[in-house]
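Q: Fold the following.
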Amino acid sequence: MSDLFSQQAEARRAALAPLADRLRPRNLEEFVGQGGILEPGRLLRRAIVADRVGNLILHGPPGVGKTTLARIIANTTRARFRSINAVLAGVKDLRAEVEQARERLGQHGLRTILFIDEVHRFNAAQQDALLPWVENGTLTLIGATTENPYFEVNKALLSRSRLFRLQPLLPSELRRVLQQALQDPERGYGQRRVEVSEAAADHWIQTAAGDARCLLNALELAVESTPSDAAGAVRIDLAIAEDSIQERAVLYDKQGDAHYDTISAFIKSLRGSDPDAALFWLARMVEAGENPRFIFRRMLIAAGEDVGLADPMAVVVVEACAGAFERVGLPEGLFPLAQAALYLAGAEKSNSALGVFDALKAVRQASDQEVPSPLRDANRDREGFGDGVGYRYPHAYTDHWVAQRYLPAGLAEEVFWQPGRLGWEGQLRDRLQERRAAQLATTTELEAEQPLLLSHGPEDPGILRWISRQLASEGDRLIRLKERLWQGARWRRHDRVLIVNSPSLLWALDPLAHTPEGGVTIGCADAAGRERLRDQISLLDPLQQPALMLMEARSAGVPGFSPALDPGTRFEWLAGRQLLVDPAAIGQTPPLNGLRDLAAPDAELRLLDSAAVLGPAQALLQETAPLQATAHLSRDHLEVIAAIEADWLSRRRPAPERMGLLEQEGWELQQEEWSETLRLPIEGALLRRWFQPGSTYRHLLESHGIAAETVSALRDQLRDRQGQSLRQELRHWLTRARLRSPQA
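A: Numbers count the residues shown, from 1 in each chain. As a prediction, this is how the structure comes out:
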């Protein structure tokens, strides 16, 4: 009888349940969204279908299907499914569930899955109480949380569970949920005539912001509160839709992910000099009730870390704005808040103050930290130990400066602060570099006291700490290519390295660090490249700068240098970029003949060649967005241009005859090839580079008879897609070689 009453009560509850609860998917086929973890073939879907679900933590914002997914698992598993809410349950409830699970397992061999909603609400003791039973398999745990589990869930419990992150539903997925609700005759409004205008649906989808529950609640309120018209239809227009859904809530927990993610986005926008993004994230924090004092503290940090000495006034402005805010409060305090943020976003940037961390590391690691004798206090021990003797008083010299050593002898060549080129510190940069060179010169006067090792090897990488800070503009992608070029290289400190056709200093950094006693020479294809590299190496300490030589072809194609190398100079390592491409394909390319004459016995060769695979027309043909065909640019036109691009790009790949030339000279070659897919942003500068008169790409099309109207139509087609991106594929060829010995 009690079961009958329970069934009747459950039937009444289901009939009165909100629409969002009635429409919960009952199986994976009805589940909408989360394709990244539930598409056919994905791990979680396979586990559910095979009834092999282990301990899970489901993490995501509200309304994305965490509880629903747990119920689907309950409907498909042969285990007994139990559910509790961490807000209402305590240790006593957990013990009861554990005891029942032990009885089922011991008496009937039946597993138990325990679903804990809002698992982050359990305190540490409650989470610890679960550990033994999850560990020994008495319970299989499925936890759901809106908070970051790495912060809110016991690490021991987390390590025994597989974490799945659920994402907000996409607009297309929310539209599918809406259609299901309108068409389902049993649980939705399929038996009623409900008509929702396109504008109303769009408003709900936009305002719901990925939350299916929010969308369904709005639909239910609109339908149930709107009377039918004379034809018996419930018509939902935009006005009704706006009344039925609240303004989008700002998801923001001052102790959760939203707090840390939003302040992170704010600081990165300031660092990236984007005032619009900075104001947006600032407004989001203010709207969510973030403490303005916290925001000002973070801006003060940014003023020191990201603006620094490029604009020393930044910290003054932020401090003044913080003081003004304390005097006026909100809402007028928004003005100093915004002023501080906009000042930081617009200021020149420098992180040269990070040098303090290099100094701290040196303090912790350096064995020689003796204060130089001339710098010691002369008032106490001058007569006994000579402290202070030899100190030069800067104000007694021109410009109030004199070259003398201030660092301990073993650290005299260290560079902790490298000023940037912008703002206030940029004005000091050249003078500081000159003084540093003079400072190092004075160390030779102290060799009698303690000889200095004025070279930097793997065991003394201090110079690389600040060199690496100059690499940010090169990008992670180029850094990965550089690492692949030199991967597995076994350096010796006295190796000599020749890098031919290097477009930037990036490719020379590894040999510079590992061959301090041998040296690095960079061969430049032309005078312009040499000047560009000269600007780059000026960032380095003069003792670390590589030699720059202008490479030119001589008789019989033998490479030479101007000015010439010392007679008999040979290199243990030779490397280069874009050396295997036929010179006719890319213009001036240094010759390969005679590289053997520059190579020491058993020398190693590393060549990295890269080429784009897709041109603009080829990329357009691969885009999903339809082509806006015109009289001058149809798909046929695009395919003709794509064929021209493919032929042109194919000739920019390593030429077999140049590979053969190396083999004839005695190099044993090994080559590996790989591809890299990028998204190329479509922007005005890119279009100008492609289509301006005299550009390589425009000349290519015109030389193949492509009409000017068609070229202009292609440019317009791309211009209409500004703000989007094109797929670009790069292919890389890495050639490794060793010079065969004469005996071979």
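
Q: just for the stretch 451-600 of the chain, where's the confidence low?
A: Regions of the stretch 451-600 of the chain meeting the criterion pLDDT under 70 cover residues 451-478, 535-536, 538-543, 552-565, 582-591, 593.

Q: ok, now with 80
A: Within the stretch 451-600 of the chain, the segments meeting pLDDT under 80 span 451-480, 501-506, 516-517, 525-529, 531-544, 550-568, 581-595.

Q: What are the boundaries of the helices in it?
A: Secondary structure of the stretch 451-600 of the chain by DSSP state H, counting those that start in this stretch: the helices cover 462-467, 476-485, 509-514, 527-537, 583-586.

Q: buried set for the longest one?
A: Within helix 527-537, the residues scored as buried using 16 or more other Cβ atoms under 10 Å are 529-530, 533, 537. Heads up, the C-betas are built off the backbone N, CA and C, glycines and all.

Q: Which element, helix or strand, includes Ala314?
A: Here Ala314 sits within helix 313-328, counting by DSSP states H and E.

Q: I misspoke; the intended subject was Leu58.
A: Secondary structure (DSSP H and E) places Leu58 in strand 56-59.

Q: Mind listing the strands that strand pairs with, and their directions?
A: Looking at strand 56-59 with DSSP bridges, its partner strands are strand 140-145 (parallel), strand 162-165 (parallel).

Q: Out of these, indicate the one that is most buried.
A: A comparison of the strands paired with strand 56-59 by mean neighbour count, using mean count of other Cβ atoms under 10 Å, puts strand 140-145 on top with a mean of 24.

Q: could I get that one in PDB with only the CA atoms?
A: Extracted in PDB, the C-alpha atoms of strand 140-145 (Å, rounded to 0.1, in the frame of the first residue of the first chain):
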ATOM      1  CA  THR A 140      31.100   4.600  -6.900                       C
ATOM      2  CA  LEU A 141      30.900   8.400  -6.500                       C
ATOM      3  CA  ILE A 142      29.500  10.900  -9.000                       C
ATOM      4  CA  GLY A 143      29.800  14.400  -7.700                       C
ATOM      5  CA  ALA A 144      28.400  17.600  -9.400                       C
ATOM      6  CA  THR A 145      29.800  21.100  -8.600                       C
END
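
Q: Can you give me the buried ones in the helix or strand that it is followed by?
A: Stepping forward along the backbone from strand 140-145, the first helix or strand reached (DSSP H and E) is helix 149-152. Of the residues in helix 149-152, those buried under the neighbour-count criterion (16+ other Cβ under 10 Å) are 149, 152.

Q: and if you look at stretch 218-235?
A: By neighbour count, with 16+ other Cβ under 10 Å as the criterion, the buried positions of stretch 218-235 are 218-223, 226, 234-235.

Q: helices and strands around the helix or strand hosting Leu216, which ones?
A: In this structure, Leu216 is located in helix 212-225 according to DSSP H and E. Applying 3 or more Cβ pairs under 8 Å, 6 or more residues apart in numbering; DSSP states H and E, one finds that helix 212-225 contacts helix 19-22, helix 171-183, helix 198-208, strand 234-236, helix 238-244.

Q: Distance from the strand holding Leu58 to the middle of the chain?
A: Going by Cα atoms, centre = their mean, to the nearest Å, the spacing between the C-alpha centre of strand 56-59 and its chain's C-alpha centre is 25 Å.

Q: after that strand, next one along is what?
A: Next along the chain after strand 56-59, with elements defined by DSSP H and E, is helix 66-76.

Q: For that following helix, buried residues please.
A: Neighbour-count burial for helix 66-76, counted by 16+ other Cβ under 10 Å, picks out 66-74, 76.

Q: Nearest to Leu19 among these?
A: Distance from Leu19 was checked for each of the buried residues of helix 66-76 by Cβ to Cβ. The minimum falls on Thr68, at 13.8 Å.

Q: show me the contacts for the nearest residue to Asp274 once chain neighbours are set aside.
A: The shortest distance from Asp274 to any residue other than its chain neighbours is 6.3 Å, reached at Ala345 (Cβ to Cβ, 6 or more residues apart in numbering). Each residue near Ala345 by Cβ atoms under 8 Å, 6 or more residues apart in numbering is listed here: 269-270, 273-275, 278.

Q: Can you lay out those residues as JSON lines showing distance to Leu334 and pLDDT?
A: Formatted as JSON lines, those follow (distance: Cβ to Cβ, whole Å; pLDDT from 0 to 100):
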{"residue": "Ser269", "distance to Leu334": "17", "pLDDT": "81"}
{"residue": "Leu270", "distance to Leu334": "17", "pLDDT": "83"}
{"residue": "Ser273", "distance to Leu334": "21", "pLDDT": "76"}
{"residue": "Asp274", "distance to Leu334": "19", "pLDDT": "78"}
{"residue": "Pro275", "distance to Leu334": "15", "pLDDT": "78"}
{"residue": "Ala278", "distance to Leu334": "14", "pLDDT": "81"}
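
Q: Gly694 belongs to a helix?
A: No: in this structure, Gly694 is coil, not part of a helix, as judged by DSSP: H, G, I helix; E, B strand; the rest coil.

Q: what's the neighbour count on it?
A: The burial count assigned to Gly694 is 6, neighbours taken as other Cβ atoms under 10 Å.

Q: What residues of the helix holding Ala314 count as buried?
A: Of the residues in helix 313-328, those with enough neighbours to count as buried (16+ other Cβ under 10 Å) are 314-315, 317-318, 321-322, 324-325.

Q: Show the average pLDDT along that helix.
A: The pLDDT scores in helix 313-328 average 88.

Q: which SS state does the spatially closest residue to Gly90 that is not a sequence neighbour fall under?
A: Of all residues not flanking Gly90 in the chain, Gln126 sits nearest, at 7.0 Å (Cβ to Cβ, 6+ apart). Here Gln126 takes the helix state, with states given by three-state DSSP.

Q: do you know how far Gln126 is from Arg95?
A: In this structure, Gln126 lies at 11 Å from Arg95, with Cβ to Cβ, to the nearest Å as the measure.

Q: Those two: which is more packed in?
A: Gln126 (18 against 12).

Q: what residues are up against that one?
A: 86, 90-91, 94.

Q: still on that earlier bit, spatially, which two of the buried residues of helix 313-328 are the most separated?
A: With distances taken as Cβ to Cβ, the most widely separated pair in these is Ala314 and Phe325, at 16.6 Å.

Q: Got phi/psi on the nearest residue to Ala124 once chain neighbours are set aside?
A: Counting by Cβ to Cβ, 6+ apart, the nearest residue to Ala124 once its immediate chain neighbours are dropped is Asn154, at 6.4 Å. Geometry field for Asn154 lists phi and psi as phi -50, psi 130, criterion degrees, to the nearest 10.

Q: give the contact list for Asn154.
A: Contact partners of Asn154, counting by Cβ under 8 Å, 6+ apart, are 124, 127-128, 131.

Q: In those residues, which residue is surrounded by the most others?
A: Scoring these on neighbours with other Cβ under 10 Å, the highest-scoring entry is Gln127 at 23 neighbours.

Q: thinking that one is in contact with Leu157, fair?
A: Yes: with the criterion set as Cβ atoms under 8 Å, Gln127 and Leu157 qualify as a contacting pair; they are 5.4 Å apart.

Q: so what sits against both of these two?
A: Taking Cβ under 8 Å, 6+ apart as the contact rule, Gln127 and Leu157 have no neighbour in common.

Q: got any ranges where the stretch 301-450 of the chain has weak pLDDT?
A: In the stretch 301-450 of the chain (pLDDT under 80), the answer is 309-310, 346, 349-450.

Q: Apply 70 and report the result again.
A: 355, 366-450.

Q: which secondary structure element contains Thr138?
A: Secondary structure (DSSP H and E) places Thr138 outside all helices and strands.

Q: Thank you kindly, that will do.
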